[in-house]
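A.B. asks: can you look at this prediction? I've put the sequence above it.
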Amino acid sequence: MILVLNSGSSSVKFRVVDLADPAAGDRGTVERIGEPGGVPDHGAALAQILGGLDAAGITAVGHRIVHGGARFTAPAVADDAMLDVLRELTPLAPLHNPGGIAGIEAARAALPDVPHVAVFDTAFHATLPAAARTYALDRDLASRHGIRRYGFHGTSCDIVSRRAAELLGRPLDSLNLIVLHLGNGASATAVRGGRSVETSMGLTPLEGLVMGTRSGDVDPAVLSYLHRAAGLDFAAAEEQLQRHGGLKGLAGANDMRTVLERRAAGDPDAALAFDVYCHRLKKYVGAYHAVLGRLDAIVFTAGVGEHAAPVRAAALDGLSEWGITVDPDRNAAHAPVISPEGARVAVCVVPTDEELAIAEQVQAATQDRLRNVAPSEIN
């Protein structure tokens, strides 16, 4: 069994995955780490998790890490040297990576005799071509500080792309897909033959689509304007974009279910938030269709993508000339394929399973490692 950990600054989500029976296995979350009423640190959180599990049955631990920079383009064994590099990358993801590092440290201490493998959200996007990953900044400045598009939600994009190919009964390497991962965080990715060729999130997960609390795309000069016009320092201005923007900024709620309820009740702020959200989605679908040239399928996934039928319908409304249409009955039923029979572009709803994808990558990484280690090195 593989223990998959998703460690944040104040929580650890876990799932035990048996690849022979992925639907089985314990899962849960330890919250309020370091907060009143919660456990004091990640070590205590791991102790609480392991106290309820058969730790003797755990053969490996997989760790979800948000940002691997340009250094990690595949799963990596989480040893001391790897952690040193990961700490160097913390400025790229100051809100996410410190929790991941703390989780690895705590899990290695609690389970020292099994392999630990880090799986990176950014790794799937290592295939981005130079034209897609490069910002138009001074080359030396960008190179010195690692400023480029990295992309996120890669683990989800990977498994969802493979599942979409299975659903359509076609080889993945023959398909051009647009994957719309729509949760509290949201991203669009153009996938050609199973490889990421364009994605909406950039240096950080802030860029791109409208999200729960993140603004997505704005004029970069908004930050300096907020400083001059509103008297906000840089940290406060960034806070507006990261935690007080998106659906929360427009409608006062970061949950799309609440926005849809208020929109149905006639709330104009919720209606505008919905319209801005879906307009941004449609813009990215059009742009990525152009990048791919030929489009075989659009794939909705994650909480909003899997469950919010009005979002799916509005985001693709008016695209019938491109062969993109949504069948209202199939959409309302959340069918796996919501486009009409025979549509030129399939529109799919595919549940994501990042924990399973991480477990699969951990198993492959540990098997590869064992195959490349001399017998005398294996205890």
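C.D. replies: Everything's here; your move. Numbers count the residues shown, from 1 in each chain.
A.B. asks: do you know how far Pro336 is from Arg32?
C.D. replies: Using Cβ to Cβ, to the nearest Å, one gets 37 Å for the distance from Pro336 to Arg32. Quick note: C-beta positions are derived from backbone N, CA and C, even for glycine.
A.B. asks: should've said Leu203
C.D. replies: As defined by Cβ to Cβ, Leu203 lies at a distance of 30 Å from Arg32.
A.B. asks: neighbour count for the two, which is higher?
C.D. replies: The neighbour comparison of Leu203 against Arg32 (other Cβ atoms under 10 Å) goes to Leu203, with 19 against 12.
A.B. asks: excluding chain neighbours, give the residue nearest to the more buried one in space.
C.D. replies: Counting by Cβ to Cβ, 6 or more residues apart in numbering, Leu203 lies nearest to Ile147, which is 5.9 Å off, once chain neighbours are set aside.
A.B. asks: gap between the one you found and Thr134?
C.D. replies: From Ile147 to Thr134 the distance is 9 Å (Cβ to Cβ).
A.B. asks: which residues touch Arg257?
C.D. replies: Counting by Cβ atoms under 8 Å, 6 or more residues apart in numbering, Arg257 makes contact with Ala308.
A.B. asks: now the helix or strand it falls within, how far from the centre of its chain.
C.D. replies: Under the criterion DSSP states H and E, the helix or strand holding Arg257 is helix 256-264. Averaging C-alpha positions (Cα atoms, centre = their mean, to the nearest Å) puts helix 256-264 23 Å from its chain's average.
A.B. asks: then stretch 80-96?
C.D. replies: Per Cα atoms, centre = their mean, the centroid offset for stretch 80-96 relative to its chain is 18 Å.
A.B. asks: over to stretch 135-149?
C.D. replies: With Cα atoms, centre = their mean as the basis, stretch 135-149 stands 23 Å off its chain's centre.
A.B. asks: cool, and stretch 266-274?
C.D. replies: Taking Cα atoms, centre = their mean, one finds stretch 266-274 lying 26 Å from the centre of the chain it belongs to.
A.B. asks: buried residues of it, list them for me.
C.D. replies: The neighbour-count criterion (16 or more other Cβ atoms under 10 Å) identifies Asp267, Ala270, Ala271, Ala273, Phe274 as the buried residues of stretch 266-274.
A.B. asks: what residues are up against the fourth one?
C.D. replies: By Cβ under 8 Å, 6+ apart, the residues touching Ala273 are Val210, Leu247, Leu250, Ala251, Val259, Arg263.
A.B. asks: quick check: the fifth one touching Gly249?
C.D. replies: No: taking contacts as Cβ atoms under 8 Å, Val259 lies outside contact range of Gly249: 11.8 Å.
A.B. asks: between the two, who's got more neighbours?
C.D. replies: In this view Val259 and Gly249 are compared by other Cβ under 10 Å, and Val259 has more residues nearby, 29 against 17.
A.B. asks: what sits against the more buried one?
C.D. replies: Applying Cβ under 8 Å, 6+ apart, the residues near Val259 are Leu247, Ala251, Ala253, Ala270, Ala273, Phe274, Tyr277.
A.B. asks: how does it look with 10 Å?
C.D. replies: Taking Cβ atoms under 10 Å, 6 or more residues apart in numbering as the definition of contact, the neighbours of Val259 are 212, 247-248, 250-253, 267, 269-274, 277, 304, 308, 310-311.
A.B. asks: equivalent analysis for Leu3, please.
C.D. replies: Counting by Cβ under 10 Å, 6+ apart, Leu3 touches 14-17, 25-26, 46, 49-50, 53, 55, 57-63, 107, 110-111, 114, 116, 355, 359, 362.
A.B. asks: got the buried residues for the helix holding Arg257?
C.D. replies: Going by neighbour count (16+ other Cβ under 10 Å), the buried part of helix 256-264 is Met256, Val259, Leu260, Arg262, Arg263.
A.B. asks: okay if I get the residues you listed as JSON lines plus pLDDT?
C.D. replies: Formatted as JSON lines, the buried residues of helix 256-264 follow (pLDDT from 0 to 100):
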{"residue": "Met256", "pLDDT": "97"}
{"residue": "Val259", "pLDDT": "98"}
{"residue": "Leu260", "pLDDT": "98"}
{"residue": "Arg262", "pLDDT": "98"}
{"residue": "Arg263", "pLDDT": "98"}
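A.B. asks: in a markdown table: those, plus distance to Ala164.
C.D. replies: Output for the buried residues of helix 256-264, formatted as a markdown table (distance: Cβ to Cβ, whole Å):
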| residue | distance to Ala164 |
| --- | --- |
| Met256 | 22 |
| Val259 | 27 |
| Leu260 | 25 |
| Arg262 | 32 |
| Arg263 | 29 |
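A.B. asks: show me which of these is closest to Trp322.
C.D. replies: Top of the list for closeness to Trp322, among these and by Cβ to Cβ, is Met256 at 25.1 Å.
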